[in-house]
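Chemist: sharing a sequence plus its predicted fold:
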Amino acid sequence: MLLRLALRNLSRHRRRTVLTGLTIVVGYVLMSFMLSLDAGTYGAIIEMFTGDHTGHVQVHARGYLDRPGLHKTVQDGETFGNLLESDPRVQRAAPRIYSSVLAFAGPKTTGLRLIGIDPDRERSTTRLAAKVSAGSFLPAEGNVILLGSDTAEVLGVGPGNEVVLVGQAADGSVANDLFTVAGLLGSSADQSERSNGYLPLRTAQEFLALGGRVHEWALRLTHYGLAEEVAQALEGVLDRTGFSGLEVDPWQVVEKEFTKTMEGDRKGNTVMQFIFVLIVALGVLNTVLMSLLERTREFGVLRSLGTSPGLLFTLLVLETGLLTLGALGVALVLAGCLNLYFQHYGIRYPEPMSVAGMLMDRMEGALELHVFLLPALTIFLTALLVSLYPAMRAATIRPVDALRTF
């Protein structure tokens, strides 16, 4: 009976019901869109950063991250790679070698961060292949090298030219050889590859006398948010299979400075979100409160007809709850469509922005649970809390006083 009466009251005052509902719908959609844009943009930055080179999880010899060394190596080979990929959350694993060398081209020379990669695995782990701006990506083997565009400019070389690399090999000898430039990476605006040089993995292992060893395995997961969970699980797997001397670290540990910067920025953004949520909540509060207070005379009539205080209190809270739920249902559909659109198309910047040395050209939305749940809970609880005061007032007011209200 109460439910039927509450629905009848809502349908009887359609104009008031629609206006209150619109306030709730607009507030929900705006709040959800803001949270979606925030989550999507931060997610895109993290995916771009980890997909650029780091990966979501990395495997190293113990202590390598704190003090990298040529002899701190990890097992190489398909067997070890397949072991890492045995977790269904791991999409791909790529081995790497690191060293510092000098690069010569005629009279010109520069320092180079040399990285040995498995071209096939790296292609499906990071965006490296997509960053080739001239020439071609690395073949599986051969004395070829990919150079950052800044390094190539310093040396005055391009695809097809030759450079000499000189460095320290793992056996104590001097590593030196001639390499042909296969392609160039990035541009002057993209600073992430400015001083890097890439060799095929087998070529790098021979050049540095490392045999079948590597310094790192980088893993790409189904989602960056699983990094800490997967790292912990893989460490247990490696310990049980005889690889107890290895460390498995999520990107949050590998890139501590980036993580701190992101966390600091998000904390600052949380303050702005709270202010926005508060504004929306106050808007809903004002609308719901006014819609109930203007019915004081109606409540006086109900009381004078013998309606009990408890019944009237329950009726008003139920009306507010039903109205809010109905409006949230409509708002959920609208917010879902809006967020889905911006997840696919985003908002493009007039000019690409440099973020952590990478170029970002748009903001985009995200369809995550908290994007829909947080606004719904905020608005629903706000509306119910706001309804308590006029409901209690209506339940306790003297009918004669209520009937004098215009």
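Modeler: Everything's here; your move.
Chemist: contacts made by stretch 200-210 with the rest, please.
Modeler: 70, 73, 76, 95-97, 99, 114-119, 138-144, 165, 167, 169-171, 173, 175, 177, 199, 211-214 (Cβ atoms under 8 Å, 6 or more residues apart in numbering). Where you see a C-beta, it was placed from the backbone N, CA and C, and this is true even at glycine.
Chemist: switch to 6 Å and redo it
Modeler: In this structure, residues lying in contact with stretch 200-210 by Cβ atoms under 6 Å, 6 or more residues apart in numbering are 97, 99, 116-118, 138, 141, 169-171, 175, 177.
Chemist: before we move on, what about stretch 157-166?
Modeler: Taking Cβ under 6 Å, 6+ apart as the criterion, the residues outside stretch 157-166 that touch it are 101-105, 134-135, 176, 178-181, 183.
Chemist: one more time with 8 Å
Modeler: For stretch 157-166, with Cβ under 8 Å, 6+ apart as the criterion, the contacting residues are 101-105, 112, 114, 134-136, 145, 147, 152, 155, 174-184, 197, 207.
Chemist: just to revisit the earlier point, turn the contacts of stretch 200-210 into a markdown table, including neighbour count, secondary structure and pLDDT.
Modeler: As requested, the contacts of stretch 200-210 are arranged in a markdown table below (neighbours: other Cβ atoms under 10 Å; DSSP: H, G, I helix; E, B strand; the rest coil; pLDDT from 0 to 100):
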| residue | neighbour count | secondary structure | pLDDT |
| --- | --- | --- | --- |
| 97 | 25 | strand | 94 |
| 99 | 24 | strand | 93 |
| 116 | 25 | strand | 94 |
| 117 | 24 | strand | 94 |
| 118 | 22 | coil | 93 |
| 138 | 26 | coil | 92 |
| 141 | 13 | coil | 88 |
| 169 | 16 | coil | 91 |
| 170 | 18 | coil | 89 |
| 171 | 10 | coil | 88 |
| 175 | 19 | strand | 90 |
| 177 | 14 | strand | 92 |
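Chemist: farthest pair in those residues?
Modeler: The most widely separated members of the contacts of stretch 200-210 are 138 and 171, with 24.7 Å between them, by Cβ to Cβ.
Chemist: what about the strands in this structure?
Modeler: Along the chain, the segments classed as strands by DSSP state E run 57-61, 74-75, 90-105, 108-117, 132-135, 144-148, 162-168, 174-185, 196-200, 213-214, 216-221, 246-250, 347-355, 358-363.
Chemist: so for residue 48, which of those sits nearest?
Modeler: strand 358-363 (5.5 Å).
Chemist: let me see the mean pLDDT of the closest one.
Modeler: Averaging the model's pLDDT scores along strand 358-363 yields 68.
Chemist: ok, now stretch 232-250?
Modeler: Along stretch 232-250, the predicted local confidence has a mean pLDDT of 87.
Chemist: mind listing residues that contact that stretch?
Modeler: By Cβ under 8 Å, 6+ apart, the residues outside stretch 232-250 that reach it are 56-65, 74-75, 80, 83-84, 86-87, 90, 219, 227-228, 230-231.
Chemist: same thing with stretch 369-376?
Modeler: With Cβ under 8 Å, 6+ apart as the test, stretch 369-376 has contacts from 27-28, 31-32, 35-36, 39, 277, 280, 328, 332, 335-336, 339.
Chemist: filter the contacts of stretch 157-166 down to the buried ones.
Modeler: The neighbour-count criterion (16 or more other Cβ atoms under 10 Å) marks 101, 103-105, 112, 114, 135, 145, 147, 152, 155, 175, 179, 181-184, 197, 207 among these as buried.
Chemist: okay, the closest residue to residue 170 other than its chain neighbours: pLDDT?
Modeler: The shortest distance from residue 170 to any residue that is not its chain neighbour, by Cβ to Cβ, 6 or more residues apart in numbering, is 4.7 Å, and that residue is residue 209. According to the model's per-residue confidence, residue 209 sits at a pLDDT of 92.
Chemist: and if you look at the one 10 residues further on?
Modeler: pLDDT for residue 219: 95.
Chemist: show me the beta-bridge partners of it.
Modeler: On DSSP bridges, the residues paired with residue 219 through beta bridges are residue 57, residue 93.
Chemist: and for it, the neighbour number?
Modeler: Residue crowding around residue 219 was assessed by other Cβ atoms under 10 Å; the count is 27.
Chemist: could you do the one 4 residues further on as well?
Modeler: The burial count assigned to residue 223 is 12, neighbours taken as other Cβ under 10 Å.
Chemist: likewise residue 137?
Modeler: By the measure other Cβ under 10 Å, the count of residues near residue 137 is 18.
Chemist: tell me who's in contact with residue 345.
Modeler: The neighbours of residue 345, taking Cβ under 8 Å, 6+ apart as the test, are residue 364.
Chemist: let's see that with 10 Å instead.
Modeler: Remark: with contacts taken as Cβ atoms under 10 Å, 6 or more residues apart in numbering, residue 345 is in contact with 362, 364-365.
Chemist: quick one: which of those residues is most hemmed in?
Modeler: For these, neighbours were counted by other Cβ under 10 Å; the highest total belongs to residue 365, with 28 neighbours.
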